[in-house]
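**Q** have a look at this prediction, sequence included:
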Amino acid sequence: MDTNATTASSTLRIEQFPAETEGDTPSARFQGWFDAVDAGFHESSTEAAHLAEYAKGYAADNRVLWGIYDDEPRPGVWSPDIPVATYATMVNSMNVGGGRLLDAHQITAVTVRPTHRRRGLLRRLITSDLEQAARSGLGIAALTASEATIYGRFGFGAATFTREVEVDVQERFGLRTPPAGTVEMADPASLQQLGPEIFARFHARTPGSVARQYAYAKRISGQWGNDKPEPDKSIRAAVHYDSNGMPQGYVSYRFAGWSKEPYTMKIVDLAAASGESYRELWRYLGSIDLVQRISWSLAPVEDPLPWALQDGRGYAAKSAEDVLWLRILDPVKAFQARHYDGEGRLALEIVDPLGLAAGRFLLEAAGGNARVQPLAADDAVDLSVDVDVLGSLYLGGVTAGTLAAAGRLPGATADAVGKLERIFATTAQPYCITHF
Ligand SMILES: CC(=O)SCCNC(=O)CCNC(=O)[C@H](O)C(C)(C)COP(=O)(O)OP(=O)(O)OC[C@H]1O[C@@H](n2cnc3c(N)ncnc32)[C@H](O)[C@@H]1OP(=O)(O)O
């Protein structure tokens, strides 16, 4: 795609391209694009030698990169090969309950140069991208947001949350359940292969989980550090095996250093294919000597751990953070894909400022499935819902009653809110430990 757009000072051109490498070297276009992303997120410029690794990973993810280029920069301005705005997309599966997976259109690497902000460049990129994604048949779009105030206007609502927790692992630490299986320390490099295998089973059983991009296996196994694709020797790892000797969970972690008191071990990544494995990994973490606290920034909001501990007060929940923001692109596809714990029949109008999901629909849920049919524009409906509010409701991370109390369902009767709540109610809180 090559779209021209004129501003007061220059002509801006939009390009869409894959992460290309020429042999072992990333293309000049990729280098310029990456430079702009680094600047947008206030990172140091990535060394040329590392770019090839990232380009390889982005190619494996099938990322589509977008750049807006200023072809007529003033003299002395940063190279015209470096875009004034960046944007990227890829498609990965999302667990939508009941073990069902739906492809999600993921948006990432959104930056606009300070000199070009608030001129509508993000709006231009995201509206054009969402239209393309909807046309290509994708039912839902997803992103993780740097700020909570940006994406609601484009139809995204916060849908999953995690908590930062600190667990006291001194004398008071202990689990109520007897040990099951064994936990072994592992060569972190083994997680390059084992990590994704176990994660795939966690993904299959966890509503809200999103499949992971290439970099994850590298980072959890210490082959890549957080800030560069070079080995991170501080990473340690352990694997839980069930009583049949099958690996069921892993944790990778690093020590926060002797200058930080209380002495703290930080979880880098923890994924378990069963509740038992989750508890056993914590039993292991609690047994590490010379450590007083385990910290984890991605604990589930409804964490079983404090209920598994003999002393639940050793578990301190700190801040909560939104992770996935969802945007319905195709209501029929998205709502029919989802699993339903609730039942009911609801006629709803979707209000969508971008028009993509707008319309009236009849949703009938029973036996875990829903049938969704478009209605005529003048058919009666139970209530109107903004598309960003539906994004928040989609996985059951918040109830319609809570959103009504927050004033996010204006004009809806208590009866209609009740219907909406019953249909979308889920027994499990959605949980996503994938950032992208
Ligand atoms: C998925 C991700 O990658 S999240 C990462 C997002 N990127 C960052 O946080 C990096 C730093 N920030 C930036 O690069 C830019 O400020 C961006 C990308 C957030 C916004 O880009 P811009 O081109 O300035 O946005 P644009 O001019 O298209 O604004 C569109 C609308 O969003 C609003 N908006 C843009 N940024 C923000 C913000 N940070 N907070 C609140 N509102 C915002 C604008 O006011 C405008 O509103 P309106 O249409 O109602 O008038």
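**A** Structure received.

**Q** for stretch 157-167, which positions count as buried?
**A** Buried residues in stretch 157-167, counted by 16 or more other CB atoms under 10 Å: G157, A158, A159, T160, F161, T162, R163, V165, E166, V167. In short, each C-beta sits where N, CA and C put it, glycine included.

**Q** I misspoke; the intended subject was stretch 203-220.
**A** 203, 206-220.

**Q** endpoints of it, how far apart?
**A** Here the two ends of stretch 203-220 are set 16 Å apart, with distance taken as CA to CA, to the nearest Å.

**Q** again with stretch 393-404
**A** For stretch 393-404, the first-to-last residue distance is 12 Å (CA to CA).

**Q** residues of that stretch that come out buried?
**A** Neighbour counts over stretch 393-404 (16+ other CB under 10 Å) mark L393, Y394, L395, G396, G397, V398, T399, A400, L403, A404 as buried.

**Q** wait, does stretch 136-148 contact the ligand?
**A** Yes - residues of stretch 136-148 are located near the ligand by CB under 6 Å from any ligand atom, namely L143, A145, S146, E147.

**Q** who's in contact with the third one?
**A** Right, the one you point to is S146. Contact analysis of S146 by CB atoms under 8 Å, 6 or more residues apart in numbering lists F41, V110.

**Q** may I have the phi/psi pair for it?
**A** S146 adopts backbone torsions of phi -70, psi -30, taken as degrees, to the nearest 10.

**Q** which ones among the buried residues of stretch 203-220 map onto helices?
**A** Cross-referencing these against helices under DSSP state H gives H203, A215, Y216, A217, K218, R219, I220.

**Q** for the stretch 201-350 of the chain, what lies in contact range of the ligand?
**A** Counting by CB under 6 Å from any ligand atom, no residue of the stretch 201-350 of the chain sits close to the ligand.

**Q** residue contacts, the residue of the stretch 201-350 of the chain found nearest the ligand?
**A** Closest residue of the stretch 201-350 of the chain to the ligand, CB to the nearest ligand atom: W325 (8.1 Å). With CB under 8 Å, 6+ apart as the criterion, the residues that contact W325 are A142, L143, T144, A145, Y151, F156, G157, A158, A159, G391.

**Q** and the nearest residue to the third one once chain neighbours are set aside, how far from the ligand?
**A** It refers to T144. Computed as CB to CB, 6 or more residues apart in numbering, the closest residue to T144 that is not its neighbour in sequence is H435, at 5.4 Å. When distance is defined by CB to the nearest ligand atom, to the nearest Å, H435 is 10 Å away from the ligand.

**Q** helix, strand or coil for H435?
**A** Following DSSP: H, G, I helix; E, B strand; the rest coil, we place H435 in the coil state.

**Q** then F17?
**A** strand.

**Q** correct me, but it touches R29?
**A** Yes - judged on CB atoms under 8 Å, F17 makes contact with R29 at a distance of 6.1 Å.

**Q** need the residues touching each of those two.
**A** Residues within reach of F17 and of R29 at once, by CB under 8 Å, 6+ apart, are G67.

**Q** R327 falls within a strand, correct?
**A** Yes - using three-state DSSP, the secondary structure at R327 is a strand.

**Q** what is the burial count for it?
**A** 32 (other CB atoms under 10 Å).

**Q** same deal with V183?
**A** Burial of V183 is recorded as 21 neighbouring residues (other CB under 10 Å).

**Q** partner residues bridging it?
**A** For V183, the beta-bridge partners are H240 (DSSP bridges).

**Q** ok, it - contacts?
**A** The neighbourhood of V183, defined by CB under 8 Å, 6+ apart, consists of A238, V239, H240, Y241, E280, L281, R283, Y284.

**Q** near the first one, how many other residues are there?
**A** By the criterion of other CB under 10 Å, A238 has 21 neighbours.

**Q** go on, the second one?
**A** The tally of other residues near V239 (other CB under 10 Å) stands at 24.

**Q** quick one, what contacts it?
**A** V183, E184, A186, S190, L194, P247, G249, Y250.

**Q** get me the contact residues on the stretch 1-150 of the chain for the ligand.
**A** Of all the residues in the stretch 1-150 of the chain, those lying near the ligand are 40, 107-112, 117-123, 143, 145-147, 149-150, going by CB under 6 Å from any ligand atom.
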